[in-house]
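Novice: Sequence and predicted structure, then a few things I'm wondering about:
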Amino acid sequence: MSEAAHLVQYIVVPYRAAANGVAPGEIRPASSEFGAIRIANSMASKFAGVAAYEVLIDKETGDMESPRILAQIGTVPALDD
């Protein structure tokens, strides 16, 4: 698939403590890489872990692909390959 079929989006995912480790909370969008890192840092004290990601969004399906970690604070699950 061509690069033009994808959008770059920045997101922040908080993680709460759960019985089996951590569970993801509500995804927060960010307008830039710097903004995602800033949001993650500001949320860190309220959650077991927080991660900021850059993801590619498939314009046709809306699926998120190719996550890249920008910041990881606290307990964050590993990305599946």
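Specialist: Looks like it came in fine.
Novice: Provide the contact partners of the lengthiest strand in the chain at residue level.
Specialist: Assignment by DSSP state E gives strand 6-18 as the longest strand of the chain. The contact list for strand 6-18, computed with CB atoms under 8 Å, 6 or more residues apart in numbering, reads 22-33, 35-36, 39-40, 43, 46-59, 64-65, 70, 74-77. Every C-beta, even on glycine, is put in place using the N, C-alpha and C of the backbone.
Novice: rerun that using 7 Å as the cut-off
Specialist: 22-25, 27-30, 32-33, 35-36, 39-40, 43, 47-59, 75-76 (CB atoms under 7 Å, 6 or more residues apart in numbering).
Novice: The chain: strands as residue ranges?
Specialist: Along the chain, counting by DSSP E, strands occupy 6-18, 21-24, 28-30, 49-58, 64-74.
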